[in-house]
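Peer 1: Give me coordinates for this.
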Amino acid sequence: MLSMNGWDRRTTATILPNSKPIEIIHIDDDPSITDLVATFLEREHDSFNIHSETNPKDALDVLADEQISVDCIVCDYDMPEIDGLNVLERVRETHPDLPFILFTGKGSEEIASDAITA
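Peer 2: So this is what the prediction gives:
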């Protein structure tokens, strides 16, 4: 995949044959988005395993039950019942150092500020 300046933007890191996969939980209430993101990320890097959840409570259960060893969470902000900031706050209670990527199409500086302080 080439960017506009002609550089290949894919990850160029070497993965050792016996290295474990990078387990990513992706949370979005729109199933078409979870499918799209999973496909994109898994094409970007062979070691990414994407676990998609359309219900934030189910994703938090996966994390709490330690069903998988999660390396990162990618979460939408705008979801019914529990928004992405609330998910972030709950994750921080038990996993303060877990990388968490919050994304939204309806962002504001206030949301960014709240995410930083969570």
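Peer 1: Residue 40 is in what secondary structure piece?
Peer 2: helix 31-44 (DSSP states H and E).
Peer 1: which of the residues in that helix are buried?
Peer 2: 34, 37-38, 41 (16 or more other C-beta atoms under 10 Å). Glycine gets a C-beta too; all of them are placed from N, C-alpha and C.
Peer 1: just checking, what packs against it?
Peer 2: strand 22-27, strand 48-53 (3 or more C-beta pairs under 8 Å, 6 or more residues apart in numbering; DSSP states H and E).
Peer 1: what about the residue nearest to the spatial centre of the chain, helix or strand, and which?
Peer 2: In the chain, the centroid-proximal residue (C-alpha atoms, centre = their mean) is residue 74; its distance is 1.4 Å. Taking DSSP H and E as the definition, one finds residue 74 inside strand 72-76.
Peer 1: Not counting that strand itself, show me its contacts.
Peer 2: The contact list for strand 72-76 (C-beta atoms under 8 Å, 6 or more residues apart in numbering) reads 22-30, 33, 37, 56, 59, 63, 84, 87-88, 91, 98-104.
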